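Novice: 3D model of this:
(chains A and B)
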Amino acid sequence: MASSGEFLVTRGLGKTFQDENRTKTVLSGIDLELSFRDCLAIVGPSGCGKTTLLLALAGLLPPTTGTVAFQGHPLSAPERKIALVLQHYGLFPWKTAGANIALGARLQGIEISAKKLASVKKELDIEGLDHLYPAQLSGGQRQRVALARALLLSPLLLLLDEPFAAIDTVTRERLQNNLLAVFSQRKFSFVIVTHNIEEAVFLGRRIIVLDNKNHGIGAVVENPEMGSIEYRGKPLFFERTTALRNILEEFE
Amino acid sequence: MKRRTIAIYVSTVAFIYILWYVLSLLLGSNILPDPLKVFLRGFEEAATSEFWVHVKASTLRLLAALVSAFILAVPVGLILGSNARLDRLFSPLIYLGYPIPKIVLMPVIFVLFGLGDTGKIVLLAMIIFFQLLITTRDSARKIDREIIYSLKSLGGNRFDFFLHVVWPVSLPGIFTSLRIGTGTAVAVLFFVESIATNEGLGFYIIDSWGRAEYATMFVGIISLSIIGIVMYEIFELLERKFCKWKDL
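Specialist: Numbers count the residues shown, from 1 in each chain, chains lettered A, B, ... in the order given. Sure, this is the predicted structure:
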């Protein structure tokens, strides 16, 4: 294991998209550091490049400038120890929940014991859904299936792109609690992209706010008190959400 | 086959039978014989080995054309649909090739491939090929970027992309195209079998017509229709089995 400081590092990361008529800069000069077993939330106004940053961290979008390094090595392609859960879950509609969960392990040629499979399903409360297709599952179940697929690969880094955006408030809170519980029991770091301020404060030990104007990091909010379900009811939680809301309004 | 589908088929057959019977009475001509006479002739014909030679010849030609069109069109469609650069390169060719009524190329194809089975199968396959190619390509184009990211992040390579994404995404479109293509191919089959052959239901129909054996002619028409319906239902059945997710 690389030292914690070297776990995930970006230096001067920038991303520019070019089509026939114009050049659009989405990210510029992003410097980030994430330690092992740490959690980071990325927030920002719509179109500020949150998902682009996450895809760059996943090795799926090569940066135009700068570098991404994972465990001390430059990241130029998807890495098997990095798992990604996408906004619309990234489940394959033509595969059953069981086949979706097993797909990552199958593609990577990893043998998963029945015990491990059962334990992940139990952990996420998705037992008995194996034969159902994603269209037959509720939003919350789909999200947990996607999470199970990612966790089954025992990732060291979990990247989540607005994972609970399309889910009702009650289920969302339950899933946030789920994620926090899994995080405290397993050894991995996670980065969550969200537009939900409460979610960012509940799940991010550090919260970075992306700035739409200069395409970089506009503000960083340290939130070391997070980590328990009770945090949501504490006055500090409300203070942080208010502070974050004020910062976000500046960047809108 | 679903009970509802069977009920639809039975009621349609009953309706056609009644309509046919009424028309045959009104016309009072041999060209439209009493349907009962046709069915009885059908049983007589089915008892002869000669009739089955024609059925076999037509079925084999149709199957050979479907299989060759499938083998050629589906991989090309999957590749073009998932590769924008190749698609751009070949688009003009497909754009120009698709609207040409392939049947007008019959003389050229018969000169190149002969008047035998090969020429006939090539012509049928060409008709199905373009339909299948375009549907497959268009289905493969509809792949959501999120699915591609998902597969890549799970460790999938180019081969996995075709196996786990492009192929299943395109499959419903492929079945639809096969069903439509079969209908067109059966019509063309009749036409090509009326030329330079003495085997196949097309020949059987034309031959009976020439001999003014109208009941036998209708046996041929019904048999050719049954081949088309059976093929259609087989593709429908396969689609239901392999694309269950589509109707959820």
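Novice: what about stretch A:52-60 and chain B, any contact?
Specialist: Yes. Legend: contact between stretch A:52-60 and chain B by CB under 8 Å from any CB of the partner chain is shown at A:Leu55, A:Ala58, A:Leu60. For glycine as for every other residue, the C-beta is placed from the backbone atoms N, C-alpha and C.
Novice: helix, strand, or coil at the first one?
Specialist: Okay, so that is A:Leu55. State at A:Leu55, reduced to three classes by DSSP: H, G, I helix; E, B strand; the rest coil: helix.
Novice: what's the neighbour count on it?
Specialist: A:Leu55 is surrounded by 23 other residues when neighbours are defined as other CB atoms under 10 Å in any protein chain shown.
Novice: which non-adjacent residue is nearest it?
Specialist: Beyond its immediate neighbours in the sequence, the residue positioned closest to A:Leu55 (CB to CB, 6 or more residues apart in numbering or on different chains) is A:Leu61, lying 4.2 Å away.
Novice: and the one you found, helix, strand or coil?
Specialist: When classified by three-state DSSP, A:Leu61 comes out as coil.
Novice: separation between it and A:Pro45?
Specialist: Plainly put, A:Leu61 is 20 Å away from A:Pro45 if you go by CB to CB, to the nearest Å.
Novice: please apply the same query to B:Ala14.
Specialist: Using CB to CB, which is the criterion applied here, B:Ala14 is 66 Å from A:Pro45.
Novice: just the buried positions in stretch B:212-231, please.
Specialist: Of the residues in stretch B:212-231, those buried by neighbour count under the rule 16 or more other CB atoms under 10 Å in any protein chain shown are B:213-224, B:227-228, B:231.
Novice: ok, now stretch A:76-88?
Specialist: A:Pro78, A:Glu79, A:Arg80, A:Ile82, A:Ala83, A:Leu84, A:Val85, A:Leu86, A:Gln87, A:His88.
Novice: can you narrow these to ones near chain B?
Specialist: A:Pro78, A:Arg80, A:Ile82, A:Ala83, A:Leu84, A:Leu86, A:Gln87, A:His88.
Novice: does the one helix or strand B:Ser223 maps to reach chain A?
Specialist: Using DSSP states H and E, B:Ser223 sits in helix B:214-242. No. Applying CB under 8 Å from any CB, one finds helix B:214-242 separated from chain A by no less than 9.0 Å.
Novice: in strands only, show me the buried residues of stretch A:76-88.
Specialist: A:Ile82, A:Ala83, A:Leu84, A:Val85 (DSSP state E).
Novice: need these in TSV with pLDDT, can you?
Specialist: Listed next are these as TSV, based on pLDDT from 0 to 100:
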residue	pLDDT
A:Ile82	95
A:Ala83	94
A:Leu84	94
A:Val85	93
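Novice: nearest to chain B, of those?
Specialist: Minimum separation from chain B among those (CB to the nearest CB) is found for A:Leu84, which lies at 3.9 Å.
Novice: leaving out sequence neighbours, find the closest residue to the closest one.
Specialist: By the measure of CB to CB, 6+ apart, the closest residue to A:Leu84 outside its immediate chain neighbours is B:Ser153, 3.9 Å from it.
Novice: A:Arg80 is in contact with the one you found, correct?
Specialist: No. Here B:Ser153 lies out of contact with A:Arg80, judged by CB atoms under 8 Å, at a distance of 9.4 Å.
Novice: brilliant, that's me finished.
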